Structure formats: structure tokens, C-alpha cells
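K.L.:
Give me coordinates for this.
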Amino acid sequence: IDVSPTSLSMTAEEGSSTTATLTVQNVGGATLTVSSITDNQTWLSESPTNFSVNAGSSRAVTVTASAASLTVGTYTATITITSNDPDEATKTVGVTFTVTAEPEIWVNATYLEIEVNQGTQGEAWFEVKNVGGGTLQVTDMHDGSDDIWQSEQAFNLGPNESKWVGVYSGNWMYGGTYDFTITIDSNAGNATIELHVIINPVGGECSEFNWTSVHTDGIDYYGVSSDGWNGWAAGYRGISRTTNGSSWSELGVQDNFADIHVVGSTGFAVSGGSWGKVFRTYNGSDWDQVYAAEGAGCAGVFYDGGSTVWVAAGGGKVLKSTNTGGNWDAIQVGSSNVQLLSVFSEGNGVVWACGTSGSSCLYKSTNWGNSGSWSQVSVTNIGGLEDVWFSNGTGWLAGASGILYSSNGGGSWNQASVPVGGPFRAVQSDGWSSTCVHAVGGNDYSGFIIRSSDGGATWETEYTTSYRLMELVMGDTWGFVVGGNPGPTGGIWKGAATAR
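P.N.:
So this is what the prediction gives:
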């Protein structure tokens, strides 16, 4: 009989157990019979405890050491193996068992608060510490939202070691207050932190913007989405992306895209034509088709940054998904001859959709855009409505021949005084201001950017170009505008605030 190893050193945390393997080998010429394997401690066990081994073969024995009833310290034991070996009827193996303290997670805060102005990234910090023994393994941190994130997701801490973790709020968040729960998963159980985020509306005078052409190519752009640094532009033939706000490059996906909306790294793009299609990304670079419907004519998309997406489509329908594009419902909003062009969620259950049937068509839902919750809103006819936007109860509509604004949550709408004749393609507030607004529009080979400093009542021209301008995205101090001309050719413009 030969037994290896001749001694065992085992380690486990309090309340847990560990295993090791002994190998019993028959180095003789006859059958080896092991009649018993015993030990002298209750915390130790072996399996199997009797067996036969043919000449030249071996058998593995599992040794289990349990710290279920032991305290921190070092323990010893002896394993005795009895067999029919005529020279060595018994063999012994010494065991050293070290019991260490369990890890214990400690977090220095159960409540954190971030307060920043709109358009600004916020941050707070918390400390995670192992106040026990052994190794604390933090395996994940999650909060169920794309609006906040942590600087660390997984790490190990030895006894008394600690790590500071940053938590950040996105600069794209709407004005208002938000509550999140951050869960920290570890091998010592979970810990939670309640995070309260306050996004203050930005007041003061409205900024003037300088606009610079930063990119031209062969894509006639119709939609744009950005957080001020990362950006996506979608149009006829494809999608382009920037990771620094200035240099743009085409991605591999191709279709006749009409609009795009990305929050964090998750987003959606839609295409029109005889088949309406919806594409989704989870990393900003790779896009996959998740929906298609004949005659849908998808034209506008709004993503809430969580799990809900709305798409303005043809046939008077809004497409809605509540599981990040996994499943879709086609909801009848207007008559079948209405082409919806834009959809917007205020975040409080109110969803707006607008479009055209040859004249202005505006619809409002008071129950998150669900079926049966929509009603048509009467407005002055300014031709087909191409865009709708709200900020803190103030709303704007961009139409073929004018702009409408509402200062009472859409209860009534007034026609704005504009310096150009249109058509007006898109309108958006600067950040989440209720007074500072920009709009774009124009026809082939002639486009304009206009601005308002009084909530949309009066406007002035800020920039003109030889491209038809189709869409914009605005922060408090930055902006991007996209457009194009037949050919196709397309362009992207970047705006920077110069005065406030």
C-alpha cells in the first residue's frame, strides 16, 4: 500500500467546510483490501472507508473537514488506514486544519445624495470594508437603471481592507428628483445603499451658441442623440458615432433610418419605408433588428433610459415595448390615415405623439401610452407636426409652417413669432430649460437654426447653412444638429454656448 500525500493541510472559514483528496495505490502484485479508514476528530470524515484495489491501480478518498462547530484556530487530526498489506497493516496521515474568520461586509453609508444642475454629471462616494476575516468577494453592484453607475463592479478585500467606490448620475437626466437602490452582492451577503438624486432646472439667461460643421459624408441624416460627448447620428444608409463629440465614423449597420435615441449605452433606432423596423444596441456600436412590421413606417423613437420604448409609426399607431425591445404592442392612437412622426414621454405617465394627415395631428396619453389612454388635442393647423418636446410643463410643436408653444402643460397652445417660413423639422429645449429653446428646419440646400429665450413665444435666427436641417439634441451648453441633401450627402454640426 502506498498513500499520498503523507500529510494534509486544509483551511476553511467559520461555518464552512473544505475537501482534500488522498490517493491509495496498490504497488503490490495481489488485490489490496482496505477494511477501514478512521480518524480521531469529529470534524473530519472520509469517503469511501472500505474498498478493494487491484494490483497496479489506485483509489481516491475524499477527506472533508467541517468548521461548522469550530471557532477560529488551528486543529490537528490523524487518519488511520487499515488494510491487508502484510508489511504495513496500518498507514497514518496527519491533518492540520486552520479555521479562519468569515468575511463581513461593512459600508460606511446607507443613504447618499447627489444634487447637481441639469446637464451636469453628479457623483458621490462610499466605502466598502471587510471587517471580518478571510477574503471578502464583492461580485457585483447593480441599481436597475442606466441613469447611474458605479466606478467599481467587482473586487476582493482581505481582512480590514477597504475600497472607495464612486457613484455617478448621468448629465442627460431630466430636472426633478430620483430615488435608486444600489445593491452590493458579496460572499458575505448583500448590502444596500439608498441614493437620492436631485437635478435642478437651470435658470438664468439663455445661451447663444456658435455652430461649427464637424462632419460631412454620404449619409442624409434625420436623427441624432448625444450626452454631449458620446453621440449617434442616423439617416439614409446608416448610423455614425462619436466618442469625443468631434470625430464621427460610420458603424456597420445600414438601413433608411429616421430617428435614434440612446441613453447611456442602450438605445434604439427606427427606419421607415414600406416596412417599419426597430433596431437596438446595448453597447452603442452593435445594432440588431428587434422588430419589423409591414406598413409601420417608423419615424420617431423615445427611450426612457429604463425598459420602456415608444415609436411613432404609420397607420396612426404608436409601438410600445416595456421590456427594452423584447416584445412590442401596436397601439392605435389616431385614424389609419395619420402618419405619426414624433413621440415624447414626460416621465410622469403623460406621453405625446404628433404627426400629419395633411394637417396638424396631436395626441396625448395620460397612462404611459397604453391602449385606450389616448385622446386627440386640438391645435392651430400649422401643417404636419414633425416634432414634440416638453420640459418642466412647457411644450413645443414644430410644424410645416410654424411653431406652437404651451406654458400650461399642453392645456392650450399658442403660435410663435418666427423669423423664417419653415418648414420646421425639430424643436428642443436647451438641457431641460423651460425658457431656452432651439429649433431647426429648412428645405433641400437651405437650412436654419433658430433660438428662443422666452419659452418659445418669439424666435431669432442663429445659424444658416446650405443643408436641410432635420434634427437636434441640446444640452445646457452644447448641441448637435444633423441634416442632409439629395445625393445623398449629410452633415453634422456642433454647437457651443458662448454667453449666458
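
K.L.:
how near is residue 24 to residue 90?
P.N.:
Relative to residue 90, residue 24 is positioned 13 Å away (CB to CB, to the nearest Å). Just so you know, the C-beta spots here come from the backbone N, C-alpha and C atoms, and that holds for glycine as well.

K.L.:
Now for these two: what residues contact both?
P.N.:
Residues touching both residue 24 and residue 90 by CB atoms under 8 Å, 6 or more residues apart in numbering: residue 81.

K.L.:
What ranges does the stretch 101-250 of the chain have for its strands?
P.N.:
Secondary structure of the stretch 101-250 of the chain (DSSP state E, counting those that start in this stretch): strands located at 105-107, 111-117, 122-130, 136-142, 148-150, 155-157, 162-169, 176-186, 191-200, 208-217, 220-226, 231-236, 238-242, 248-250.

K.L.:
Between residue 24 and residue 90, which is the more surrounded one?
P.N.:
Shown here are residue 24 and residue 90; by other CB atoms under 10 Å, residue 24 has more neighbours (22 against 12).

K.L.:
Please tell me how far the more buried one sits from residue 95.
P.N.:
For residue 24, the distance to residue 95 equals 16 Å [CB to CB].

K.L.:
picking that back up, closest to residue 83 out of the strands of the stretch 101-250 of the chain?
P.N.:
Closest to residue 83 of the strands of the stretch 101-250 of the chain is strand 136-142 (CB to CB; 41.6 Å).

K.L.:
Mean confidence (pLDDT) on that closest one, please.
P.N.:
Across strand 136-142, pLDDT averages out at 95.

K.L.:
and it, what other elements does it pack with?
P.N.:
Applying 3 or more CB pairs under 8 Å, 6 or more residues apart in numbering; DSSP states H and E, one finds that strand 136-142 contacts strand 155-157, strand 176-186.

K.L.:
The first one: which residues count as buried?
P.N.:
Same thing as strand 155-157. Buried positions in strand 155-157, judged by neighbour count with 16 or more other CB atoms under 10 Å: residue 157.

K.L.:
repeat for stretch 320-334
P.N.:
Neighbour counts over stretch 320-334 (16+ other CB under 10 Å) mark 320-322, 324-325, 328, 330-331, 333-334 as buried.

K.L.:
Could you list which of the residues you listed belong to helices?
P.N.:
Of the buried residues of stretch 320-334, none are assigned to helices by DSSP state H.

K.L.:
Which two among these are spaced furthest apart?
P.N.:
324 and 334 (26.1 Å).

K.L.:
how much space between residue 294 and residue 57?
P.N.:
Residue 294 sits 69 Å away from residue 57, going by CB to CB.

K.L.:
wait, I meant residue 368
P.N.:
Going from residue 368 to residue 57 by CB to CB gives 70 Å.

K.L.:
residue nearest the centroid of the protein?
P.N.:
Nearest residue to the geometric centre of the chain (CA atoms, centre = their mean): residue 146, 3.5 Å.

K.L.:
got the contact list for that residue?
P.N.:
Taking CB under 8 Å, 6+ apart as the test, what residue 146 contacts is 170, 263-266, 305-306.

K.L.:
Need the max-distance pair from the residues you listed.
P.N.:
Farthest pair in these (CB to CB) is 265 and 306. Separation: 13.6 Å.

K.L.:
avg pLDDT for stretch 419-435?
P.N.:
Stretch 419-435 shows a mean pLDDT of 93.

K.L.:
measure that stretch end to end?
P.N.:
18 Å (CA to CA, to the nearest Å).

K.L.:
swap in stretch 426-444?
P.N.:
Stretch 426-444 end-to-end distance (CA to CA) = 16 Å.

K.L.:
And stretch 50-57, by the same measure?
P.N.:
End-to-end distance of stretch 50-57 (CA to CA): 15 Å.

K.L.:
Could you pull out the buried residues of it?
P.N.:
For stretch 50-57, the neighbour count (16+ other CB under 10 Å) marks residue 53 as buried.

K.L.:
what sits up against it?
P.N.:
Contacts to stretch 50-57, defined as CB under 8 Å, 6+ apart, come from residues 24-37, 59.
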